[in-house]
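Enquirer: here is the input, now give the coordinates:
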Amino acid sequence: MSVFEIIMLVCFGAAWPVSIYKSWTAKSTAGKSVLFLYAILIGYIAGVLHKIFFSYDRVIYLYILNGLMVTTDIILYYRNTGLLKKKFRKT
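Expert: A predicted model of the protein is given here:
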């Protein structure tokens, strides 16, 4: 278990709740890139797979937690896309 890996995951993970909150309250996709979100998610999945196959330790839970937060932000991105489409259809 690497302390540097833990620090990296905690620092990255600290940003996701803020991003999720902004996605939830803004109800907009402005400033979001779904491709970027998927790239980050793939990175976290790769981290989980590495932990499973080569270096299993408790750090896997940080990868999973961060991956779940990114997945939540992706879901909110699609929700907000739908809300914007509905809004523009009414006008």
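Enquirer: so who does Met1 touch?
Expert: Taking C-beta atoms under 8 Å, 6 or more residues apart in numbering as the criterion, Met1 is in contact with 57-59. Every residue, glycine included, has its C-beta placed from N, CA and C.
Enquirer: distance check, it against Val48.
Expert: The gap separating Met1 from Val48 is 15 Å, by C-beta to C-beta, to the nearest Å.
Enquirer: the spatially most central residue of the chain: which element?
Expert: What sits nearest the mean C-alpha location of the chain, by C-alpha atoms, centre = their mean, is Val70, with 1.2 Å. Using DSSP states H and E, Val70 falls within helix 60-90.
Enquirer: and that helix, what's its mean pLDDT?
Expert: Averaged across helix 60-90, the pLDDT comes to 95.
Enquirer: and that helix, which residues are buried?
Expert: Neighbour-count burial for helix 60-90 flags 60, 62-63, 66-67, 69-70, 72-74, 76-77, 80 (criterion: 16 or more other C-beta atoms under 10 Å).
Enquirer: try stretch 7-17
Expert: Neighbour-count burial for stretch 7-17 [16+ other C-beta under 10 Å]: 9, 12-13, 16.
Enquirer: in helices, which of those residues appear?
Expert: Those of the buried residues of stretch 7-17 mapping onto helices are 9, 12-13, 16, per DSSP state H.
Enquirer: and which of those residues is nearest Lys22?
Expert: Using C-beta to C-beta, Trp16 comes nearest to Lys22 of these, at 10.6 Å.
Enquirer: distance check, the nearest residue in space to that closest one that is not next to it in sequence against Lys87.
Expert: In space, and not counting its chain neighbours, Trp16 is closest to Met69: 3.6 Å by C-beta to C-beta, 6 or more residues apart in numbering. Going from Met69 to Lys87 by C-beta to C-beta gives 26 Å.
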